[in-house]
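K.L.:
please work out how this folds:
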Amino acid sequence: MPTTTTPDGTKIFYKDWGSGQPVVFSHGWPLSSDDWDNQMLFFRNQGFRVIAHDRRGHGRSAHVADGHDMNHYADDLAALTEHLDLRDAVHVGHSAGGGEVARYLGRHGESRVAKVVFISAVVPDMRLSDAVPDGQPPEHFAGMRTALAANRSEFYRTVAAGPFYGFNRGGVEPSEAIIENWWRQGMSGAANAQYDCIYAFAGEDYTEDLKKITVPVLVMHGDDDQIVPYGATAPRTAELVQNGMLKTYAGFPHGMPTTQADTINADLLAFIRSGHLS
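P.N.:
Just a heads-up that it's a prediction; the model follows:
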């Protein structure tokens, strides 16, 4: 099982398939690199080298007691890119993984990076405020932590069967296989890490990180995202980066890389190859 060890001694599990320009995937909360299997197979078969890791405390990475914050996540990603000597890489971050990618560039710069993609990402700041009237209120995140601590298994089942994939919307047929896979990934991680990760992804302002990004950026977000509000995040992200492009998907949910994989993969491929969408 391939792993790398970070400067603070944490073992990080990763997948590394194929050859060619590297595409690096950072997963969302509370999942693992398995959430990217569709994209990784697709891009490997398109001639790319694909890499995805399990965040510390998640999946098969070490279930450590501390370090569950965005600065550590960003430094872990930097350690992985250095371990694999990745250059000219495209970084793709979904949800909390978008925060990880933004903080990675903010802390470690762009010398190894060619392009960036934020999918349903938590950047620049998803918290409700006067400046972000579409954001999530503090009690929303407090409720997540309470539900996780009370019955993590039941909570994860509810999230996957409902708002994450939009399976609670009228006319949407739930996929039991998708729900079970989300639950499986969530339950494979450590409860303490996932509890703390809620603070990490929801308690940060990534504005200064985004302002430092000069490489081409694609921001992909569904306007029916019930987890990370579209209005609070995607348009602001595209404005803050220096070379951003916004793609809005009508009716798509937070988990659109899974439920709308064909559409997302096609747009990702077009952007990575040409810097534009078809």
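K.L.:
CA atoms for contacts and neighbours, from now on please.
P.N.:
Will do.
K.L.:
spit out the contact partners of G18.
P.N.:
Counting by C-alpha atoms under 8 Å, 6 or more residues apart in numbering, G18 makes contact with R44, G47, F48, R49, V50.
K.L.:
and with 7 Å instead?
P.N.:
For G18, the contact set (C-alpha atoms under 7 Å, 6 or more residues apart in numbering) comprises R44, F48, R49, V50.
K.L.:
and which of those residues is nearest to F164?
P.N.:
Nearest to F164 among these, counting by C-alpha to C-alpha, is V50 at 24.8 Å.
K.L.:
skip the chain neighbours and tell me the closest residue to that closest one.
P.N.:
Closest residue to V50 apart from its sequence neighbours, by C-alpha to C-alpha, 6 or more residues apart in numbering: V23 at 4.9 Å.
K.L.:
neighbours around the one you found, how many?
P.N.:
Using other C-alpha atoms under 10 Å, V23 has 26 neighbouring residues.
K.L.:
and the one 3 residues further on, by the same measure?
P.N.:
For S26, the neighbour count with other C-alpha under 10 Å is 27.
K.L.:
the residue nearest to V50: what secondary structure?
P.N.:
Three-state assignment for V23 (DSSP: H, G, I helix; E, B strand; the rest coil): strand.
K.L.:
tell me the bridge partners for it.
P.N.:
V50, V90 (DSSP bridges).
K.L.:
how much space between it and H140?
P.N.:
Separation of V23 from H140 (C-alpha to C-alpha, to the nearest Å): 33 Å.
K.L.:
can I get the contacts of G18 in JSON lines with pLDDT?
P.N.:
Converted to JSON lines, the contacts of G18 look like this (pLDDT from 0 to 100):
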{"residue": "R44", "pLDDT": "98"}
{"residue": "F48", "pLDDT": "98"}
{"residue": "R49", "pLDDT": "98"}
{"residue": "V50", "pLDDT": "98"}
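K.L.:
got the CA positions of stretch 71-81 in PDB?
P.N.:
In PDB, the C-alpha atoms belonging to stretch 71-81 read as follows (Å, rounded to 0.1, in the frame of the first residue of the first chain):
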ATOM      1  CA  ASN A  71      -2.600  24.200   7.200                       C
ATOM      2  CA  HIS A  72      -1.600  20.600   7.900                       C
ATOM      3  CA  TYR A  73      -3.800  19.400   5.000                       C
ATOM      4  CA  ALA A  74      -2.000  21.800   2.700                       C
ATOM      5  CA  ASP A  75       1.400  20.800   4.000                       C
ATOM      6  CA  ASP A  76       0.500  17.100   3.600                       C
ATOM      7  CA  LEU A  77      -0.400  17.700   0.000                       C
ATOM      8  CA  ALA A  78       2.900  19.500  -0.500                       C
ATOM      9  CA  ALA A  79       4.800  16.600   1.000                       C
ATOM     10  CA  LEU A  80       3.000  14.200  -1.400                       C
ATOM     11  CA  THR A  81       3.800  16.400  -4.500                       C
END
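K.L.:
residues in contact with that stretch?
P.N.:
With contacts defined as C-alpha under 7 Å, 6+ apart, stretch 71-81 is touched by T4, T6, R55, E100, V101, R103, Y104.
K.L.:
give the rounded mean pLDDT of it.
P.N.:
Taken as a whole, stretch 71-81 has an average pLDDT of 98.
K.L.:
distance from that stretch to the middle of the chain?
P.N.:
Mean C-alpha position of stretch 71-81 versus that of the full chain (C-alpha atoms, centre = their mean, to the nearest Å) differs by 14 Å.
K.L.:
if we can go back for a sec, any idea which of the contacts of G18 is closest to D34?
P.N.:
For these, the closest approach to D34 (C-alpha to C-alpha) belongs to V50, at 12.5 Å.
K.L.:
which other residues reach stretch 108-121?
P.N.:
86-96, 98-99, 215-222, 228, 254.
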